[in-house]
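In: Quick check, what structure comes out for this input:
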Amino acid sequence: MRVLVIGAGALGGYYGARLVRAGGDLTFLVRAKRAEQLRRNGLQVVSPHGDFAVQPKIILADDLKETFDVVLVGVKSYSLDDAMAQFAPAVGANTMILPILNGLKHIDTLTAKFGAARVLGGLANVSAGLDADGRVVQFMANQTIVFGETNGALSERALALETLLHVPGIDVRASEAIMQDMWEKFVQLSTLAGITCLMRASIGDILAVPNGEQSIFRLFAECCAVATASGFEPRAPFIEFDRKLFTTLDSPLKASMLRDVERGSVTEAEHILGDMANRARTLGIDTPLLDLACAHVAAYEVGRRRTAG
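Out: Numbering: from 1, shown residues only. Now for the predicted structure:
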């Protein structure tokens, strides 16, 4: 299969580099500045599993003329509209679009643009970012992709894609319940982003203060209620996993959204916290902590835009 990776940031860069290293036929759609950086330094990965670099095939949007079998979309949600316009020429009748963005809203956006038959559900669990030199830095050892047909079918194309992605450095699973999987991650991420941004602190620091743990789980309960009302009640193993995740003393865990705030960068708050809150309002569910977290990050965004002029 020929794969087009949209961008070479933390997500696309990490998984794309792993596939290139394993001999995959990949091309990265990037902007001119990133293209020059990759030509000069290659695509470098700093990882707990061992550092490496590959020399990727790259293409600019103006040069994209042919279709691909798979389009792997790992951009930030606020860049999705521009990205769709750029990679549209690569989408043919049988192209699979695999988004590994956070949240759920992008599924509707991609489906409206390209049709439900082309869009898979997907999620990535990898803690990574770009450093000042453009290297992909993997902070923790997790490196999972879960994906599947949004209708729950375990199709031949999904199994073929699972085989393609099954390379060293990627733990991959084709799921027959990808929307359930995505909803559970949506709950987890909304809780993590909401509480760490609201408190401007890591999980460990929040647990160290009075009412810290109670606040985490009040927000968790709000997000679980939205998922349940939407037809995706979180499963017991997920609840248990997150209970341990959110009660680990001295945990340095914080959401990437908080790291964006700390850097003074734009956030995905509207795509994550805003979308969860909007769904709650539509369903008539009261979510006071979630609403406060939304307002907190929205106020940060107002100040950031004013500072930026």
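
In: now the helices for this structure?
Out: 10-21, 32-41, 80-87, 105-114, 156-165, 178-199, 203-207, 212-229, 236-245, 256-263, 269, 275-283, 288-308 (DSSP state H).

In: Any chance you could list what contacts the last one?
Out: In other words, helix 288-308. The contact list for helix 288-308, computed with Cβ atoms under 8 Å, 6 or more residues apart in numbering, reads 190, 193-195, 197-198, 215, 218-219, 222-223, 257, 261, 264-267, 269-270, 273-274, 276-277, 280. (C-beta placed from N, C-alpha, C; glycine too.)

In: Can you say which of those are buried?
Out: Neighbour-count burial (16 or more other Cβ atoms under 10 Å) applied to the contacts of helix 288-308 gives 190, 193-195, 197-198, 215, 218-219, 222-223, 257, 261, 267, 269-270, 273-274, 276-277, 280.

In: Can you pull the poorly scored residue ranges out of the stretch 51-200 of the chain?
Out: Applying pLDDT under 70 to the stretch 51-200 of the chain flags no residue at all.

In: So what's the residue count around Gly212?
Out: 16 (other Cβ atoms under 10 Å).

In: quick one: contacts for it?
Out: Gly212 neighbours (Cβ under 8 Å, 6+ apart): Met199, Asp205, Ile206.

In: Of these, which is the nearest to Glu156?
Out: Top of the list for closeness to Glu156, among these and by Cβ to Cβ, is Ile206 at 45.8 Å.

In: Was I right to think the closest one contacts Ser215?
Out: Yes: look at Ile206 against Ser215 with Cβ atoms under 8 Å: they come within range, at 7.1 Å.

In: any common contacting residues for the two?
Out: In contact with both Ile206 and Ser215: Ile195, Met199, using Cβ under 8 Å, 6+ apart.

In: Could you check how far stretch 265-283 is from the centre of its chain?
Out: 14 Å (Cα atoms, centre = their mean, to the nearest Å).

In: If you could redo that for stretch 264-274, that was the one I meant.
Out: 12 Å.

In: how near is the closest residue to Arg118 other than its chain neighbours to Gln86?
Out: Using Cβ to Cβ, 6 or more residues apart in numbering and skipping the chain neighbours, the partner closest in space to Arg118 is Ile97 (5.2 Å). Noted for Ile97: a distance of 13 Å to Gln86, by Cβ to Cβ, to the nearest Å.

In: Also Leu104?
Out: In terms of Cβ to Cβ, Leu104 sits 23 Å off from Gln86.

In: Over to Gly194?
Out: 31 Å.

In: what do you get for Arg157?
Out: Relative to Gln86, and taking Cβ to Cβ, Arg157 is found at 24 Å.

In: So these two - more neighbours on which side?
Out: Between Arg157 and Gln86, counted using other Cβ under 10 Å, the more crowded position is Gln86 (20 against 16).

In: isn't that one right up against Leu64?
Out: Yes: at 7.1 Å, Gln86 counts as touching Leu64 under the criterion of Cβ under 8 Å.

In: what do these two both touch?
Out: Leu29.

In: who touches Ala124 in this structure?
Out: Ala124 touches Leu11, Tyr15, Gly74, Ile100, Thr144, Ile145, counting by Cβ under 8 Å, 6+ apart.

In: I'd like the residues you listed laid out as TSV, including distance to Arg306 and neighbour count.
Out: Output for the contacts of Ala124, formatted as TSV (distance: Cβ to Cβ, whole Å; neighbours: other Cβ atoms under 10 Å):
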residue	distance to Arg306	neighbour count
Leu11	30	25
Tyr15	36	28
Gly74	30	25
Ile100	32	22
Thr144	39	12
Ile145	38	25
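
In: What is the most widely separated pair among the residues you listed?
Out: Gly74 and Thr144 (13.5 Å).

In: For the closest residue to Val91 other than its chain neighbours, the count of nearby residues, please.
Out: Excluding its sequence neighbours, the residue lying closest to Val91 (Cβ to Cβ, 6+ apart) is Phe114, at 5.6 Å. Residues near Phe114, counting by other Cβ under 10 Å, number 17.

In: I'd like to know how far Phe114 sits from Val30.
Out: 21 Å.

In: just Met276 next, same as before
Out: For Met276 relative to Val30 (Cβ to Cβ), the value is 31 Å.

In: who's in contact with Gly231?
Out: So Gly231 contacts nothing (Cβ under 8 Å, 6+ apart).

In: And the pLDDT for it?
Out: Here, the pLDDT recorded for Gly231 equals 98.

In: Count the residues that sit near the closest residue to Leu165 other than its chain neighbours.
Out: Nearest residue to Leu165, sequence neighbours excluded (Cβ to Cβ, 6+ apart): Val172, at 4.2 Å. The tally of other residues near Val172 (other Cβ under 10 Å) stands at 17.

In: next one: Lys244
Out: 8.

In: partners of the strand ranked longest in the chain, with directions?
Out: Counting by DSSP state E, the longest strand found in the chain is strand 136-148. Applying DSSP bridges, strand 136-148 is found paired with strand 43-46 (parallel), strand 121-130 (antiparallel), strand 171-174 (parallel).
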